[in-house]
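# structure, please.
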Amino acid sequence: MTRVSAGLAAVAILSVAAAAQGQAPAPRSPQKYEALARDILSELVGINSTQAKGTLAAAKAVAARALAAGFPPADVVVLAPEEHPEQANVVVRLHGRSAESPVLYICHLDVVEAKREDWSFDPFHLTEKDGWLYGRGAIDMKGQDAAVLTSLIRMRQEGAAPAHDVIAAFTADEESRGSNGVEWLLQAHRDLLQAGSVVNPDGGEAALKLGRKLYVAVQTSEKMFVTFSLEATDKGGHSSRPTAENPIYRLAAGLERLAKLRFPIHLTETTRLYFERRASMETGQMRQDMQAILRTPPDPGAEERLSAMVETNIQLRTTCTTTMIEGGHAENALPQRARATVQCRAIPGESQDSVAAAIRAAVADPKIALGVVTPGKPAPDSAPKVMTTVESVTHSMWPGVMVLPEMSPGATDSIYTRGAGIPSYGIDGMFDDLDDARAHGRDERIGVAAFGEEVEFTYRLMKAMAG
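Numbering: from 1, shown residues only. The predicted model follows:
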């Protein structure tokens, strides 16, 4: 998962957040369901589901919980590719009054590696200390897995009859960018994931700053990531006989030109609404610039000021950056090859070919070959039609907390469901500190209260989304 901020300059909105009325203790689930969620989280954290270990044990644990809660075996299906049986998924279905247009939750079970010597606690044992729950996956995203599974169980035990089916796919391979999870399920078992809309808690963001809840962001789109290589070659020779064709120098000159590449502003439906709502939260020059950027044509001064800040620049345009470089083969030999890796994050609607053409033009050297390392997987924006529903649920929990649309600069499994034509939304109510985000890092944790509120938020959202 990439829990990357959509670009909110949190310091600038503290004055607005301080006026919000969402800071009082939020509603919580009945104690038995909060306890159930905590028990599920403890079990899942205790299962090492890194890429090396696989997700089979975690998938079986989720399935056992669903079956024990009374879900029929036909509605709890564990699946894995034949060639990768350890990378397992489990799909659970709660039947509503209509099988048309189900709501699909996608929740990954895999986690990134964690070494005991790097942590203050055993990363694969849920530890509570000073109001925090520590463990690998607590925030990314076994905490959300536990909340989704608990909500399904609660709805079934309460005899809820939603208008539409609710499907939850607990999957493999999100963190490794492999193809044994959501992508494989859509290819091999599309009938199980056929849905009218998708909720992906992994793509959502609930932001906390200095102990204050700031916003809930709804991810309605994400940039397409595509990785290119730039390579210069020459016949080489002895280092005592240098030539002007040195591939390292040629590539370095090309990269210097590439560093100056700035893609044009490209606002989508999501980012237009994002800046519109952001502007209402801001004051002074920032507010004026965010309003001016929405005009046609955008104000040049506003464009320059917003482009100078990383967090707003990445919402305005496609970006490319060099991430790795290598060259030469011996200290006393002329290099025969120099190679750079360039990673791009393209605005939805822009193509891999158009990005490649811009790179070629910027490098401006036909002797530097451009190749594709990781092809892009284009996915359209999802129209932000769920905003009213999310606002209603959010304000029932935290009155006054802003709900924003978000284009994620990072990558989630929603790219596969959007690519399959299913409107997909990253929504999560697990508030995480902007200044102390620990997903993928040492001593990953989530607040005890934040987890309890997430359990209730997920239940309310699931009921609202399913009608």
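
# please enumerate the strands of the stretch 201-350 of the chain.
For the stretch 201-350 of the chain, the strands defined by DSSP state E, counting those that start in this stretch occupy 205-209, 212-222, 224-233, 237-238, 319-327, 333-334, 337-346.

# show the average pLDDT along the fifth one.
Think strand 319-327. Per-residue pLDDT over strand 319-327 has a mean of 97.

# what's the answer for the third one, then?
For strand 224-233, the mean pLDDT works out to 96.

# so where's the stretch 301-450 of the chain uncertain?
For the stretch 301-450 of the chain, no stretch has pLDDT under 70.

# re the thing from before, can I get the strands of the stretch 201-350 of the chain in CSV with distance to G54?
Bear in mind the C-beta positions are built from the backbone N, C-alpha and C, glycine included. Formatted as CSV, the strands of the stretch 201-350 of the chain follow (distance: least, C-beta to C-beta, whole Å):
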stretch, distance to G54
strand 205-209, 28
strand 212-222, 26
strand 224-233, 25
strand 237-238, 49
strand 319-327, 28
strand 333-334, 44
strand 337-346, 27
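
# quickly compare these and say which is most buried.
Neighbour counts (mean count of other C-beta atoms under 10 Å) averaged over each of the strands of the stretch 201-350 of the chain peak at strand 212-222, with a mean of 27.

# re earlier: to H108, which of the strands of the stretch 201-350 of the chain lies closest?
Nearest to H108, of all these, is strand 212-222, at 14.8 Å by C-beta to C-beta.

# not counting residues beside it along the chain, what's closest to D299?
In space, D299 comes closest to A292 once its chain neighbours are excluded; the distance is 3.7 Å by C-beta to C-beta, 6 or more residues apart in numbering.

# surely P380 is in contact with I415?
No: using C-beta atoms under 8 Å, P380 is not in contact with I415; the gap is 10.3 Å.

# more neighbours, those two?
I415 (25 against 14; other C-beta atoms under 10 Å).

# check contacts around the more buried one.
By C-beta atoms under 8 Å, 6 or more residues apart in numbering, I415 lies in contact with E222, M224, K377, A379.

# report the contact partners of the residue nearest to D299.
Going by C-beta under 8 Å, 6+ apart, A292 touches P298, D299, G301, A302.

# the second one contacts I293, doesn't it?
Right, D299. Yes: taking C-beta under 8 Å as the definition, D299 is a contact partner of I293 at 7.0 Å.

# neighbour-wise, which of those two wins?
I293 (24 against 16).

# okay, the more buried one: pLDDT?
Looking at I293, its pLDDT is 96.

# isn't it right next to L316, touching?
Yes: with contacts counted by C-beta under 8 Å, I293 reaches L316, the gap being 7.3 Å.

# overlap in contacts of these two?
Here I293 and L316 have I265, L267, E303, L306 as joint contacts, going by C-beta under 8 Å, 6+ apart.

# next up, the contacts around the last one.
With contacts taken as C-beta under 8 Å, 6+ apart, L306 has the following neighbours: D289, M290, I293, T312, N313, L316.

# quick check: the farthest pair among the residues you listed?
M290 and N313 (13.0 Å).

# going along the chain, name the helices of the chain.
Applying DSSP state H to the chain gives helices spanning 14-19, 31-45, 56-68, 142-157, 182-188, 247-258, 269-281, 284-292, 300-307, 310-316, 352-363, 387-397, 414-419, 448-465.

# ranking those by burial, who's on top?
With neighbours defined as mean count of other C-beta under 10 Å, those peak in mean count at helix 142-157, which reaches a mean of 26.

# that helix vs helix 31-45, what angle?
Interaxial angle of helix 142-157 relative to helix 31-45 (axes from the mean of the first three to the mean of the last three C-alpha atoms, to 10 degrees): 140 degrees.

# report the angle between helix 142-157 and helix 448-465.
Using the same axes, to 10 degrees: helix 142-157 against helix 448-465 is 50 degrees.

# could you list every helix and strand that helix 142-157 packs against?
helix 31-45, helix 56-68, strand 89-94, strand 98-108, strand 164-171, helix 448-465 (3 or more C-beta pairs under 8 Å, 6 or more residues apart in numbering; DSSP states H and E).
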